[in-house]
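Enquirer: sequence plus the predicted model coming up.
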Amino acid sequence: MPGRRQAETEAPLVRYQPVAKHGSGARVQYSDDDVAPRQRQRRSRLGECLCCGCRAAAAANTKPETSMAKTGLGTSRRKATRNAERRKTSKKKAGAILGLPVLHADTAGIDIGATEIYVAVPADRDEEPVRCFTGFTEDLRRIAAWLQQCQVQRIAMESTGVYWIPLWQILADAGFEVCLVNARHFKNVPGKKTDVEDCQWLQFLHSVGLLRGSFRPEQAVCGVRTLLRYRVELIRFAAEHIQHMQKALEQMNVKLGHVISDLTGVTGLAIVDAILSGERDLRELAKLRDPRVRASEETIMKSLEGDYRLEHLTTLRYSLGLYRHYQEKIGELDKQMEAFMSQLPDGIDMEKYPMPPWRKKAARPNTIMRRLSIYECSATGYWGSISPPSTGWTK
C-alpha cells in the first residue's frame, strides 16, 4: 500500500472534461482530486480554476468591481476609492461654506508663531495678499503699517502661548479691532492647516462672521491683573520654602510645626531665629512663646528637643532667608498694585455704600488696604446690578 500510494502521487495529472459549473465559471476536474488538496485550495471564490485558461471565461461573466470586491485582491484600491470619495465630499462642503455672504470685507487674518508671523488680507487689497514677518518689534510695526495701507479695520489672530500679546498691543494702539480666536474653536472648523493657508482661512472665516473673539480687558485692568497673577506666583514660591523649613526641622526631629499652627507666625519665626543663632536651651526657647499660643511651655520644650545637625541647620537658614526675601518682594509688589489701582476710576460711591465690615477678628493692614482698593475700583461693587441690601451697611 505505501508503494502504491507513492506511485499514485508521482503519476502525472490527467485532465478530464469539465463536469459541472460552480459559480460563474466551469471547474476542471483532475484525476487526483482526492489526493491533491493543495490543488483544490487554489480554486478561487468565483469557481474558476487558477491553473487553466478558464479564468478569462469567468472574468468575462463578472463585473470588474464585483470581482475585485469578492476576491479580496483590491483592498488597497477600495481604500483609495473611499478616500477619494471623502475628499470629494469635503470639497463639496468647503464649496458650500465658501458660498457664504461676506459681512466684513475689510478683515485680515494673522497666524502667530514664536519666530514667524503670517498675515493675510483680501486678495484685492494688495498684489501680495499673504506676507511673512519675523517676531521682532520693528516687523510688528511694519505689520500695522501694511494693514493700514490695505485699509483693514478688523483683524482675527490665532496663537499659542503669549506670542500674541505684543502684536495685540501694537494693533490695538493703532486703532484696529482685534479678535483673538480660541485655537480650540478654530481647529473644529474644516480647513487646511499650513501656515499660509491658515491665515487665509482665518481671514475668510472672520469676513463671513464665523469667529468669536476672546475677552480682553482694557489696558489699565490688564496691568493690575498681571501684577495679581505674579503675586500668586510669589506666594507659591514662598510656600515652597516653608515646606523646606518644615522638612529640615523634621529631619532633626524637631516637632515645632506640630505644636504651633503656623511656623511663619510670631512664635515660630522667633524660635527658628533663636535656633539658627545658636540657642539650644529648651527653656529659653520656650519663653519666646506668644501668649496666644494654646500649647504650654512644657509641650514646646518637648517639641524642641532634637538631633541638631549642621547640614539641616544650613538648609533651614537658607530656606528662611528665601522665604523672607519673597515676603519682602510681595510687600513691594503690593505698593505697585496700589499705584496701578489708583489710576482706575471708582466704580462705586464709597460714601453712599461703604465697604462691609471685616468678618474676621484681626487682619493684616496690607490685606485691609488691598481689599478696600479692589472694592473701590470694582465696576459694579459686590452686588452687580442688584441694589445693596439694607442690612450690614453703615450709612
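Expert: Everything's here; your move.
Enquirer: going forward, measure contacts between C-alpha atoms and count neighbours the same way
Expert: Will do.
Enquirer: domains in this structure, by residue range?
Expert: Split into domains by automatic domain parsing, the chain comes to 107-207, 222-345, 346-387.
Enquirer: can you list those domains in JSON lines and add distance to residue 77?
Expert: Below are those laid out as JSON lines (distance: least, CA to CA, whole Å):
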{"stretch": "domain 107-207", "distance to residue 77": "25"}
{"stretch": "domain 222-345", "distance to residue 77": "57"}
{"stretch": "domain 346-387", "distance to residue 77": "65"}
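Enquirer: winner for burial among those domains?
Expert: domain 107-207 (a mean of 18; mean count of other CA atoms under 10 Å).
Enquirer: quick one: terminal-to-terminal distance for it?
Expert: Using CA to CA, to the nearest Å, the end-to-end distance of domain 107-207 comes out at 6 Å.
Enquirer: returning to what we had before: now the domains of the chain in JSON lines, with mean pLDDT and distance to residue 81?
Expert: Shown next, in JSON lines, are these (pLDDT from 0 to 100; distance: least, CA to CA, whole Å):
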{"stretch": "domain 107-207", "mean pLDDT": "88", "distance to residue 81": "21"}
{"stretch": "domain 222-345", "mean pLDDT": "93", "distance to residue 81": "54"}
{"stretch": "domain 346-387", "mean pLDDT": "56", "distance to residue 81": "60"}
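Enquirer: residue 213: which of those is closest?
Expert: domain 107-207 (4.6 Å; CA to CA).
Enquirer: contacting residues for residue 260?
Expert: Contacts were defined as CA atoms under 8 Å, 6 or more residues apart in numbering; by that measure residue 260 touches 268, 293, 295.
Enquirer: and what of residue 177?
Expert: Contacts of residue 177 by CA under 8 Å, 6+ apart are 153, 154, 155.
Enquirer: what's opposite it in the beta bridge?
Expert: For residue 177, the beta-bridge partners are residue 154 (DSSP bridges).
Enquirer: was I right about residue 285 contacting residue 269?
Expert: No. Look at residue 285 against residue 269 with CA atoms under 8 Å: they stay out of range, at 11.4 Å.
Enquirer: helices of the stretch 101-250 of the chain, start to end?
Expert: Counting by DSSP state H, counting those that start in this stretch, one finds helices in the stretch 101-250 of the chain at the ranges 137-149, 164-173, 183-187, 195-207, 219-251.
Enquirer: select, out of those helices, the one closest to residue 302.
Expert: Nearest of those (CA to CA): helix 219-251, 13.7 Å.
Enquirer: and after the closest one, which helix or strand comes next?
Expert: Next in sequence after helix 219-251, counting helices and strands by DSSP states H and E, comes helix 256-259.
Enquirer: C-alpha coordinates for stretch 148-166, PDB please?
Expert: Coordinates of each C-alpha in stretch 148-166 appear next as PDB, following Å, rounded to 0.1, in the frame of the first residue of the first chain:
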ATOM      1  CA  GLN A 148      -3.400 100.400   7.400                       C
ATOM      2  CA  GLN A 149      -2.200 100.700   3.800                       C
ATOM      3  CA  CYS A 150      -4.500  97.900   2.900                       C
ATOM      4  CA  GLN A 151      -7.400  99.700   4.600                       C
ATOM      5  CA  VAL A 152      -8.000  96.800   7.100                       C
ATOM      6  CA  GLN A 153     -10.200  97.500  10.100                       C
ATOM      7  CA  ARG A 154     -10.900  94.100  11.700                       C
ATOM      8  CA  ILE A 155      -8.200  91.500  12.400                       C
ATOM      9  CA  ALA A 156      -8.500  87.900  13.600                       C
ATOM     10  CA  MET A 157      -5.400  86.300  15.100                       C
ATOM     11  CA  GLU A 158      -4.700  82.800  16.400                       C
ATOM     12  CA  SER A 159      -1.700  82.000  18.500                       C
ATOM     13  CA  THR A 160      -0.400  79.700  21.300                       C
ATOM     14  CA  GLY A 161       1.300  80.900  24.500                       C
ATOM     15  CA  VAL A 162       1.800  84.600  24.900                       C
ATOM     16  CA  TYR A 163       3.300  85.400  21.500                       C
ATOM     17  CA  TRP A 164       0.100  87.300  20.500                       C
ATOM     18  CA  ILE A 165       0.300  89.900  23.300                       C
ATOM     19  CA  PRO A 166       3.000  92.300  21.800                       C
END
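Enquirer: alright, calling it a day.
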